[in-house]
Each structure stands twice: as C-alpha cells, then as structure tokens.
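Novice: here you go, sequence then predicted model.
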Amino acid sequence: MIAKLIPLDGSPPIAITQDVTIVGRKRGLCDVYVDHSSVSKIHCVIAKTDGLLFFRDLGSTNGTKVNGQRVSRGALLPGDELYFASVRYRIHLGPGEPDVGPHEHTEMLSALKVPDIGEETRSDEFNIPANAESSGEMDVASDSDVRLLPHDSSAEAIS
C-alpha cells in the first residue's frame, strides 16, 4: 500500500514507508521533518497498518487536526486533511499515485468576452456606458462578473 502526505502548499509529497513514523520539527529524531515554527519538536506519530493509517498527537503545543477538528488520535482515511498545527496535508492511500486536486495546481481562467456594444458607448477599463454620469450610479452584478449595471432607483435595499 502506498501512503503519502500531500502538502496543500504545493511542496513535494511525503511517503510514509515505515510502520511507525514520528512527525515533528526536530531534525535527526523525526522521520518526517516539518520545518514550521508552529509544529512541535516531536508533534505526532503515524502508524501504518494493512490499508490504514492511525495517528496520535504527542502532546503538541498547537495540536493535530483532521478535517479541521482538533483530535488527539484516530484513523486517517483517503482524502482526509491532516493538520500538524497550521501545516496542512491531504492523505493518499492506495495502490496508485495520488490525483492532483484542484487546490494543488494553478487554476486556468478564461477571460470574459465583452459584448460588442460599440466603441462610443463603453469605457475600455470597466465597460461603463458613455452616458453614465458616475460609477456611483452603477451596481456590481456579482463578485465573479465585474460588469457594471445602471442603478435602478426604484429598487431600494430592504432593512
């Protein structure tokens, strides 16, 4: 069984090859060295069994979390997020190599195509109609779509 800790910061994966692995910030003593000041010198231990990983926090100052919840010990399942203090990893267990998740690579975005409404009726920067007196008369449609719409004075905010 392949067991890996996939760092969510894009660092190279860490293979868990031993039956018992000590994780921490103390070089020479820990099998998995995590170079971050929030990680304790001897943070936790991971035990590898047939198809499962178990962990136990070793009294670390900033704790160990699984999927955002602080715990002292437990089993790790594929896809779980394991935190050593503030350093996050995704658990990979299985016969093959881990898949790359959406948070582990650069996301490709495509530009929005602005409808052709004529050069005289739009501003190059924000697509503001030429007849708009100020941007204060506009409302933003959404966070992901930055087109500006004429302000409708009849639609008032509901308190």
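Specialist: Noted; the coordinates are in hand.

Novice: when you work out contacts or count neighbours from here on, use the C-alpha atoms and nothing else.
Specialist: Noted.

Novice: measure stretch 10-26 end to end?
Specialist: 22 Å (C-alpha to C-alpha, to the nearest Å).

Novice: contacts for that stretch?
Specialist: Applying C-alpha atoms under 8 Å, 6 or more residues apart in numbering, the contact partners of stretch 10-26 are 2-7, 29-37, 39-49, 104-105.

Novice: select only the buried ones of these in PyMOL?
Specialist: Buried subset of the contacts of stretch 10-26, written as a PyMOL selection, criterion 16 or more other C-alpha atoms under 10 Å:
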select buried, resi 3+4+5+6+7+30+31+32+33+34+39+40+41+42+43+44+45+46+47+48
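
Novice: in strands, which of the contacts of stretch 10-26 appear?
Specialist: 2-7, 32-33, 44-49 (DSSP state E).

Novice: could you point out the longest strand of the chain?
Specialist: Per DSSP E, the chain has its longest strand at strand 87-94.

Novice: and the angle for that strand with strand 2-7?
Specialist: Interaxial angle, strand 87-94 versus strand 2-7 (axes from the mean of the first three to the mean of the last three C-alpha atoms, to 10 degrees): 160 degrees.

Novice: tell me the helices and strands packed up against strand 87-94.
Specialist: Applying 3 or more C-alpha pairs under 8 Å, 6 or more residues apart in numbering; DSSP states H and E, one finds that strand 87-94 contacts strand 2-7, strand 81-84.

Novice: just put the ones in strands among the contacts of stretch 10-26 in JSON lines and tack on distance to residue 81 and pLDDT.
Specialist: Shown next, in JSON lines, are these (distance: C-alpha to C-alpha, whole Å; pLDDT from 0 to 100):
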{"residue": "2", "distance to residue 81": "17", "pLDDT": "88"}
{"residue": "3", "distance to residue 81": "14", "pLDDT": "92"}
{"residue": "4", "distance to residue 81": "12", "pLDDT": "93"}
{"residue": "5", "distance to residue 81": "9", "pLDDT": "95"}
{"residue": "6", "distance to residue 81": "9", "pLDDT": "94"}
{"residue": "7", "distance to residue 81": "10", "pLDDT": "94"}
{"residue": "32", "distance to residue 81": "17", "pLDDT": "95"}
{"residue": "33", "distance to residue 81": "18", "pLDDT": "94"}
{"residue": "44", "distance to residue 81": "15", "pLDDT": "97"}
{"residue": "45", "distance to residue 81": "16", "pLDDT": "97"}
{"residue": "46", "distance to residue 81": "14", "pLDDT": "97"}
{"residue": "47", "distance to residue 81": "17", "pLDDT": "96"}
{"residue": "48", "distance to residue 81": "17", "pLDDT": "93"}
{"residue": "49", "distance to residue 81": "19", "pLDDT": "87"}
